[in-house]
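[1] After the sequence you'll find the predicted model.
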Amino acid sequence: MVKTALDDFKAPPCAKLLGWRLLDARPEEGWIRLAFEGKPEFCNPAGFIQGGLLSAMLDDTMGPAVLVMSEGRLYTTTISMTVNFLAPAKPGPLVAEAKVTQLGKTIAFVESKLMAEDGTVLVTATATERLLEAARVVK
């Protein structure tokens, strides 16, 4: 796998909770692929993963896409995020991808999708992200 700026950052507690794991990245394209663990504890009464947690997974994919594209120089804070739930998510492995569609001086636009292990798209999202200078935290 390609080396990214994420190699030099300590994973935050929210990423650990969601089972965040880097699978692949193309920094020059602003593209990233991550794995998440859809834990049974994340389920609603119907047995599907609660939508807020799915949204958190996509939010925690889009920010790192910007971080990777900016070679570790930029963090993001979400200004707005539109989420579309296409199919219910069952507990188990999930895969997310994000792509930076535009990286400006103060704002980035990012799109993402969350998929089941078989490739079924479960959730899509777009976000507008405020850019912040990153303070590098070494592992």
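    Happy to help now that I have it.

[2] Which positions in stretch 80-93 come out as buried?
    81, 83, 89 (16 or more other CB atoms under 10 Å). In this view, the C-beta of every residue, glycine as well, is placed from N, C-alpha and C.

[3] need the next SSE after whatever helix or strand the second one lives in, C-terminal direction.
    Under DSSP states H and E, the secondary-structure element containing V83 is strand 74-85. Scanning forward in sequence from strand 74-85, with DSSP H and E defining helices and strands, the next element found is strand 92-103.

[4] what lines up beside whatever helix or strand comes next after that following strand in the sheet?
    Counting by DSSP H and E, the element after strand 92-103 in chain order, helix or strand, is strand 107-116. If you go by DSSP bridges, strand 107-116 pairs up with strand 92-103 (antiparallel), strand 121-133 (antiparallel).

[5] returning to what we had before: so can I have CSV of the buried residues of stretch 80-93 showing pLDDT and distance to W20?
    Shown next, in CSV, are these (pLDDT from 0 to 100; distance: CB to CB, whole Å):
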residue, pLDDT, distance to W20
M81, 98, 17
V83, 98, 18
A89, 98, 16
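
[6] okay, those in CSV with distance to S112 next?
    Formatted as CSV, those follow (distance: CB to CB, whole Å):
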residue, distance to S112
M81, 9
V83, 9
A89, 14
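
[7] got the contact list for L58?
    81, 83, 96, 98, 112-114, 123, 125 (CB atoms under 8 Å, 6 or more residues apart in numbering).

[8] If we use 10 Å, what do you get?
    With contact taken as CB atoms under 10 Å, 6 or more residues apart in numbering, L58 is in contact with 34, 36, 81, 83, 96-98, 110-114, 123-127.
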